[in-house]
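A.B. asks: Dropping the sequence and predicted coords here.
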Amino acid sequence: MPDVFPVPETMRARALCSSHASYQAMYEASISDPESFWREQASRIDWMEPFHTVKDVSYASDNVSIQWYLGGKTNASLNCLDRHLATRGDQTALIFEPDEPSDEARHITYGELHADVCRIANVLKKHGVKRGDCVTIYLPMIPEAVASMLACSRIGAVHSVVFAGFSPDALAHRMLDGRSRILITADEGVRGGKRIPLKNNSDRALRSCPDVHDVLVVKRTGGETTWLDGRDYWLHEEAAMVESTCECAEMDAEDPLYILYTSGSTGRPKGLVHTTGGYLVYASLSHRYIFDYQEGDVYWCAADIGWVTGHTYIVYGPLLNGATQILFEGIPTYPEASRYWDVVDRHRVTQFYTAPTAIRALMSKGNKYVDRTDRSSLLILGSVGEPINPEAWKWYHEKVGDGRCPIVDTWWQTETGGILITPLPGATALKPGSASFPFFGIRPEILDAEGNVLEGEAEGVLAIADSWPGQSRTIFGDHARFTEVYFSKFEGKYFTGDGCRRDKDGYYWITGRVDDVINISGHRMGTAEVESALVEHNDVAEAAVVGFPHDIKGQGIYCYVTLNAGVTGDDELRETLIRQVREAIGAFSKPDFVQFAPGLPKTRSGKIMRRILRKIAADDFDDLGDISTLADESVVDDLIRNRRNRH
Ligand code: 7RM
């Protein structure tokens, strides 16, 4: 495979940014005078009142405070919908592609989406939702999910979307943490021909959420569910009773737009808060340039709205830019592994954005599912969520894109709100596996363990030296934790938690997490969450969880479990523990291995040495590094022996 893939001439001819030199010029301008750059970019959205100050940011660990576009008033729903109505009222906003391919796709125009959003907004008001209230949304990938998010923003409520793959426990925790008193869910979700009992899950979650007084239920299947009169309402019945217009609340640029939970290396998932003005500007700008979205394109981000990728690159970015896009309910392998490409052909998709895990899964099914499709409409491919291995990159490029389509390998995080490091399709020569260069306004730095800035070719941890408008402002209800996790490790900088290398040509290569966060099929998870689910079992004394390399999922979950004295580990207990984790978090968090371990490798101060556990889980026994600081070195031999015997 060549080391560098040049920009195809056809892409250069159409692209908004069509050479590396013009990228560099615009990047330099954004860095040398960020205030002017971001003042100008702010006109991407409509303001109800102008802002007086572009930026007021302190990264100091005794006072982390991030504000953009101070004094400005705007509204997300206004910008995603109302301002398009005059020119795009009859243009398709969403092409809803249902799970079952024989069910016809549904085209929803900007005008129709506007009316749907207004109705839901009015229903929320009728059910007592006020400006600033948190509304939890636990929905599958259906148009009502997008409409519900925009309905919240329309009336100044804060949405908290919980991925429909999460368990009742995980849902309950998020509703309690966000102090939500209202939930929007569906009777059932449909994915890959299977039904997901969302309403029943919700009812189980609500047993521990006494403050939730109203549940609005989308009728997706009409399947049977539990029901509580006086609390539960069908959304379509409620929506039929209200007006199809609703005024947009005038929101301060720094009013919260949403909370989204994400896993960290310790404790429970954190509710990251994104605010209004800066987030919208960043979502719009990054979507426009990175996917080179242009009139007439049909864009498709195949992520789920339950993750940040769905928030920024399904809901906000594309709708701000007046895009036509696919909203896909299903999975890549149903009914067959050609589903993605069938959808691409049917709707003439131009941009397609997915995660490496999906690419690897499809690659493993063989080429025939790709070869029998056309895909000639595709112009740009995208990747997100984890490092993409060169083999998967090459397959995506050659087989899916017929060698014609640039791949934008986009690095970002829930915390960053939008893409920070990425190629631009018309400007950047690609190196497979590299996210390449910083986006406009982004100042990445590679640091050594002491926080020294490394120049030129270097490897270390990735920090960002200055703020950008899309950045998360705080952790809901816990600003001290926000400061501690992101701003205390390296004074004055945002710490990403990722390792990174810069090569001789200045390309950035993300090397993966440097903390105890693992990435399972693009789903971010804290090993601590899995551990706490395991130790809840009466027979478990202690647990340590690590990631290990997995061909399809990127990483798998490996659990070392120490049982209480007198208990013997057998397959039944193993199954019970696996089920327990699944129930505590969600099906995607199902452990791949449980190894019973009489002892765990600990330092004399009692710290578990996960580095050793990671090596053993990866069958990499030869170079365990320095184990002389262990309290009891013999523990390691036992662990290796048991791993070899698959006990
Ligand atoms: C968007 C998203 C964030 C973590 C991040 C990285 C990893 C994401 C890439 C990547 C290598 C990429 N948000 N990550 N994108 N690693 N190359 N292009 O995924 O909050 O769920 O996860 O994902 O480790 O810190 S997230």
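C.D. replies: Thanks, I have it.
A.B. asks: For whichever residue of the stretch 151-300 of the chain sits closest to the ligand, grab the count of nearby residues.
C.D. replies: Closest contact between the stretch 151-300 of the chain and the ligand, by C-beta to the nearest ligand atom, is at Thr262 (5.0 Å). For every residue, glycine as well, the C-beta is placed using N, CA and C. Using other C-beta atoms under 10 Å, Thr262 is surrounded by 19 other residues.
A.B. asks: With His347 instead?
C.D. replies: Counted with other C-beta under 10 Å, residues neighbouring His347 total 19.
A.B. asks: Strands of the stretch 1-150 of the chain, start to end?
C.D. replies: 53-58, 65-70, 73-74, 92-97, 106-109, 134-138 (DSSP state E, counting those that start in this stretch).
A.B. asks: actually the stretch 251-400 of the chain, not the one I typed
C.D. replies: 251-252, 256-262, 270-275, 298-301, 324-328, 351-354, 380-384.
A.B. asks: among those, which is nearest Ser628?
C.D. replies: Nearest to Ser628, of all those, is strand 270-275, at 35.6 Å by C-beta to C-beta.
A.B. asks: what's the closest one packed up against?
C.D. replies: strand 256-262, strand 474-475, helix 479-487 (3 or more C-beta pairs under 8 Å, 6 or more residues apart in numbering; DSSP states H and E).
A.B. asks: and with 7 Å instead?
C.D. replies: strand 256-262, strand 474-475 (3 or more C-beta pairs under 7 Å, 6 or more residues apart in numbering; DSSP states H and E).
A.B. asks: Please identify the deepest-packed of the strands of the stretch 1-150 of the chain.
C.D. replies: Greatest average neighbour count among the strands of the stretch 1-150 of the chain goes to strand 134-138 (a mean of 26), per mean count of other C-beta atoms under 10 Å.
A.B. asks: tell me which parts of the chain are close to the ligand?
C.D. replies: Counting by C-beta under 6 Å from any ligand atom, the chain comes close to the ligand at 262, 307-309, 384-387, 409-414, 435, 497-498, 510, 512-513, 519, 524.
A.B. asks: Export the strands of the stretch 1-150 of the chain as JSON lines, with columns for mean pLDDT.
C.D. replies: As requested, the strands of the stretch 1-150 of the chain are exported to JSON lines (pLDDT from 0 to 100):
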{"stretch": "strand 53-58", "mean pLDDT": "98"}
{"stretch": "strand 65-70", "mean pLDDT": "98"}
{"stretch": "strand 73-74", "mean pLDDT": "98"}
{"stretch": "strand 92-97", "mean pLDDT": "98"}
{"stretch": "strand 106-109", "mean pLDDT": "98"}
{"stretch": "strand 134-138", "mean pLDDT": "98"}
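A.B. asks: can you list the strands of the stretch 251-400 of the chain in TSV and add distance to Thr185?
C.D. replies: Output for the strands of the stretch 251-400 of the chain, formatted as TSV (distance: least, C-beta to C-beta, whole Å):
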stretch	distance to Thr185
strand 251-252	26
strand 256-262	16
strand 270-275	19
strand 298-301	23
strand 324-328	18
strand 351-354	26
strand 380-384	27
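A.B. asks: want to throw the ones you listed into a markdown table with mean pLDDT?
C.D. replies: Formatted as a markdown table, these follow (pLDDT from 0 to 100):
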| stretch | mean pLDDT |
| --- | --- |
| strand 251-252 | 98 |
| strand 256-262 | 97 |
| strand 270-275 | 98 |
| strand 298-301 | 98 |
| strand 324-328 | 98 |
| strand 351-354 | 98 |
| strand 380-384 | 97 |
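A.B. asks: Let me know which of those strands is the nearest to Leu573.
C.D. replies: strand 256-262 (30.2 Å).
A.B. asks: Could you check the angle the closest one makes with strand 134-138?
C.D. replies: Counting by axes from the mean of the first three to the mean of the last three C-alpha atoms, to 10 degrees, strand 256-262 lies at 50 degrees to strand 134-138.
A.B. asks: was I right about the residue of the stretch 151-300 of the chain closest to the ligand contacting Gly271?
C.D. replies: No - using C-beta atoms under 7 Å as the test, Thr262 is too far from Gly271 to be in contact (8.5 Å).
A.B. asks: elements contacting the longest helix anywhere in the chain?
C.D. replies: Using DSSP state H, we find that the single longest helix of the chain is helix 110-126. Here helix 110-126 touches helix 85-88, strand 92-97, helix 143-154, helix 235-240, going by 3+ C-beta pairs under 7 Å, 6+ apart.
A.B. asks: closest to Val343 out of the ones you listed?
C.D. replies: strand 92-97 (5.5 Å).
A.B. asks: partners of the closest one in the sheet?
C.D. replies: strand 106-109 (antiparallel), strand 324-328 (parallel) (DSSP bridges).
A.B. asks: Dig out what the residue in the stretch 1-150 of the chain that the ligand sits nearest to forms beta bridges with.
C.D. replies: Proximity of the stretch 1-150 of the chain to the ligand (C-beta to the nearest ligand atom) peaks at Phe5, 16.5 Å away. Beta bridges link Phe5 to Leu430, judged by DSSP bridges.
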